[in-house]
Every structure is written in C-alpha cells, then in structure tokens.
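S.K.: got a sequence here, can you model it:
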Amino acid sequence: MTRTVILFGAGLLCSIASCTSANNSSGVPANDSSGTLTLDWSINGSKDPNQCNQSVATDIDVVVTTRNGAHVGEFLQRCSDGMTTIALSPGAYVADAALLDGAGTPRTTYVNINPFVIDSNTDLSILVDFPASSFN
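M.R.: Presented below is the predicted three-dimensional model:
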C-alpha cells in the first residue's frame with residue numbers, strides 16, 4: 001500500500017509540474033504526443049493575399065475550445081499569411097475564426113469551424129472560407 005501511495009503521489013506531482021510538457025510557438029502546452037491543426041483560409045474563395053488588403057483585414061483570430069466548452073486558446077496570425085499551425089493535445093475540439101482590422105475590430109462575423117479531433121503526432125488541415133456575406 002505504501003508503494004501505491006508513493007507512485008500515485010509521484011504521478012500527481014509530475015502532472016502538476018508538467019513533467020513532459022513544454023510551450024510551443026502557439027502558446028499551448030505541448031507534449032511528446034501533441035498533434036497540430038493547420039488552418040488555411042480564403043476570402044470569398046480566393047487564397048490571394050491581396051484579398052486581405054482589399055477587405056482591410058490584417059489578422060485572423062482563431063478561438064479554440066474543447067467540445068465540452070472549455071476555453072483552450074485564442075490565436076492571432078497575419079491575414080496575408082493564409083495559414084497558421086496550432087499545436088494541440090490529443091482530443092476533440094471546436095473553433096471559430098474571424099478576420100480583424102488593424103485595431104482588432106472584427107471585419108467578419110465569426111465563422112464556425114466544424115468539430116474536429118486531434119490525434120497524437122498528426123497534422124489535421126482544415127480550410128476555412130470567409131464569404132462576402134460574412135463581412136460586417
């Protein structure tokens with residue numbers, strides 16, 4: 001019994017101290033089994049970076065939550081980049097994205113990204129389009 005308590009305590013301490021986790025460029029805790037979401041976007045069906053300038057959009061704002069509604073993170077990327085990669089722990093997620101102007105004001109409504117699952121050590125690529133009807 002003493003050995004079980006010691007092992008349980010060591011496991012709890014390791015989980016509190018994040019023994020296997022490290023921060024990545026997206027700011028989300030990552031570990032050896034993290035996967036990634038690569039989000040590509042287009043404006044009115046076009047991947048042309050000039051569409052960002054024409055629509056006065058400087059950034060994309062991506063908000064990721066678990067399917068249970070727990071906030072995971074908010075990620076910003078330059079609109080003209082056309083894609084971003086976000087490291088996520090394995091699990092089920094939902095997300096929304098909007099294009100923002102230079103002051104951080106949404107230029108579009110938030111577009112729903114279909115629910116998705118991140119698996120260990122894999123990259124999931126999703127394309128999101130901001131149609132003309134999404135602009136404010």
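
S.K.: from now on I want contacts and neighbour counts done on CA atoms only, so please keep to that.
M.R.: OK.

S.K.: tell me what the nearest residue to Arg67 once chain neighbours are set aside is bridged to.
M.R.: The spatially closest residue to Arg67, leaving aside those adjacent along the chain, is Tyr93, at 5.0 Å (C-alpha to C-alpha, 6 or more residues apart in numbering). Beta-bridge partners for Tyr93, by DSSP bridges, are Thr66, Phe116.

S.K.: so Tyr93 sits right up against Phe116, yeah?
M.R.: Yes - contact criterion C-alpha atoms under 8 Å: Tyr93 and Phe116 qualify, at 5.4 Å.

S.K.: who has more neighbours, the two?
M.R.: Tyr93 (21 against 16; other C-alpha atoms under 10 Å).

S.K.: how far away is the closest residue to Leu100 other than its chain neighbours from Pro90?
M.R.: Distances taken as C-alpha to C-alpha, 6+ apart put Pro106 closest to Leu100, at 4.3 Å, once the chain neighbours are dropped. Distance, Pro106 to Pro90, by C-alpha to C-alpha, to the nearest Å: 30 Å.

S.K.: also Arg67?
M.R.: Counting by C-alpha to C-alpha, the gap from Arg67 to Pro90 is 12 Å.

S.K.: now Val56
M.R.: From Val56 over to Pro90 the distance is 35 Å, taken as C-alpha to C-alpha.

S.K.: these two: which is more packed in?
M.R.: Pro90 (18 against 15).
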